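# Next come a sequence and a model predicted from it.
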Amino acid sequence: MRRADRLFQIIQILRRTGGPLTADAIAVELETSKRTVYRDIAALMGQRVPIRGEAGIGYVLDGGFDMPPLMLTSDEIEAAVLGAQWVAARGDAVLAKAALDLIAKIGVAVPERLRPFLMEPAAMSSPHRMRAVDGLDVAQVRAWIHAGRKIRLRYEDEQGRETDRVIWPITVSYFDAVRMLVGWCELRRDFRSFRADRVREAEFLEDRHGERRGALRARWRRTLGPHPVEI
């Protein structure tokens with residue numbers, strides 16, 4: 001690995017980890033010596049990269065440090081392409097278009113030597129099966145999640161029984177054949193997952209549920225495991 005690439009990777013490792021990371025751990029990931037890592041970190045500090053720490057304790061990259069957004073490695077390009085292919089095939093219409101736009105933007109910005117990793121990647125997403133038609137606008141659901149607003153659903157279960165629900169949407173899970181909307185259900189007073197293709201009617205309310213998005217999501221995550229699904 002070239003030294004310039006190694007310096008970049010050290011920054012990426014520290015950015016990804018968040019907490020203190022020892023030179024030993026960095027050396028293992030980069031498949032180099034601890035002594036080389038010490039020299040590289042000293043060089044980065046000399047270039048005013050805001051790394052704090054010391055040998056034997058660990059190193060941290062201060063928050064707010066930024067780098068040119070498209071200094072990508074070949075593996076990062078292939079990861080982005082693979083993810084964008086999956087989203088383009090399985091995401092809602094807005095996300096699918098955004099995924100194709102992302103690939104196009106990367107293609108314009110990456111150096112010529114890295115373009116083959118974009119145009120002819122070694123990995124690819126498998127073709128998706130026919131998907132059930134959603135009963136609501138999933139792109140608008142995502143907007144309501146960000147806004148902390150409620151959604152009223154008329155929902156049909158697998159026996160054909162319909163119920164009216166008001167939910168506090170938390171996330172949308174994308175699967176090969178269906179999409180699932182997860183939210184706090186006011187009727188059940190619990191978290192529930194709803195298949196988007198079984199929604200018969202949706203009303204996007206202006207009412208806010210009043211709980212911080214992060215707190216609501218954290219409360220839901222603590223319940224994961226035996227998580228009821230409204231099928």
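Ah, there it is.
# Confirm for me that Glu203 is in contact with Arg152.
Yes - with contact defined as Cβ atoms under 8 Å, Glu203 reaches Arg152; the gap is 4.2 Å. All C-beta atoms are positioned from the backbone trio N, CA, C, and that covers glycine.
# So for those two, which residue has more residues nearby?
More neighbours surround Arg152 than the other of Glu203 and Arg152, with 15 against 12 (other Cβ atoms under 10 Å).
# was I right about the more buried one contacting Glu206?
No - taking contacts as Cβ under 8 Å, Arg152 lies outside contact range of Glu206: 11.3 Å.
# Identify the contacts common to these two.
Taking Cβ atoms under 8 Å, 6 or more residues apart in numbering as the contact rule, Arg152 and Glu206 touch no residue in common.
# Could I get the average pLDDT for the helix or strand harbouring Ala218?
Using DSSP states H and E, Ala218 maps to helix 213-221. Mean pLDDT, helix 213-221: 90.
# outside of it, which residues touch it?
Outside helix 213-221, the residues within contact range by Cβ under 8 Å, 6+ apart are Ile145, His146, Gly148, Trp168, Ile170, Thr171, Val182, Trp184, Phe191, His209.
# which of those are buried?
Applying 16 or more other Cβ atoms under 10 Å to these, the neighbour count classes Ile145, Gly148, Trp168, Ile170, Thr171, Val182, Trp184, Phe191, His209 as buried.
# got the contact list for the residue lying closest to Thr36 once chain neighbours are set aside?
In space, and not counting its chain neighbours, Thr36 is closest to Ala27: 7.1 Å by Cβ to Cβ, 6 or more residues apart in numbering. By Cβ under 8 Å, 6+ apart, Ala27 lies in contact with Ser33, Lys34, Thr36, Val37.
# Any chance of the contacts of helix 213-221 in JSON lines with secondary structure and distance to Val138 as columns?
JSON lines is the format used below for the contacts of helix 213-221 (DSSP: H, G, I helix; E, B strand; the rest coil; distance: Cβ to Cβ, whole Å):
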{"residue": "Ile145", "secondary structure": "helix", "distance to Val138": "10"}
{"residue": "His146", "secondary structure": "helix", "distance to Val138": "13"}
{"residue": "Gly148", "secondary structure": "coil", "distance to Val138": "17"}
{"residue": "Trp168", "secondary structure": "strand", "distance to Val138": "16"}
{"residue": "Ile170", "secondary structure": "strand", "distance to Val138": "14"}
{"residue": "Thr171", "secondary structure": "strand", "distance to Val138": "11"}
{"residue": "Val182", "secondary structure": "strand", "distance to Val138": "12"}
{"residue": "Trp184", "secondary structure": "strand", "distance to Val138": "18"}
{"residue": "Phe191", "secondary structure": "strand", "distance to Val138": "19"}
{"residue": "His209", "secondary structure": "coil", "distance to Val138": "19"}
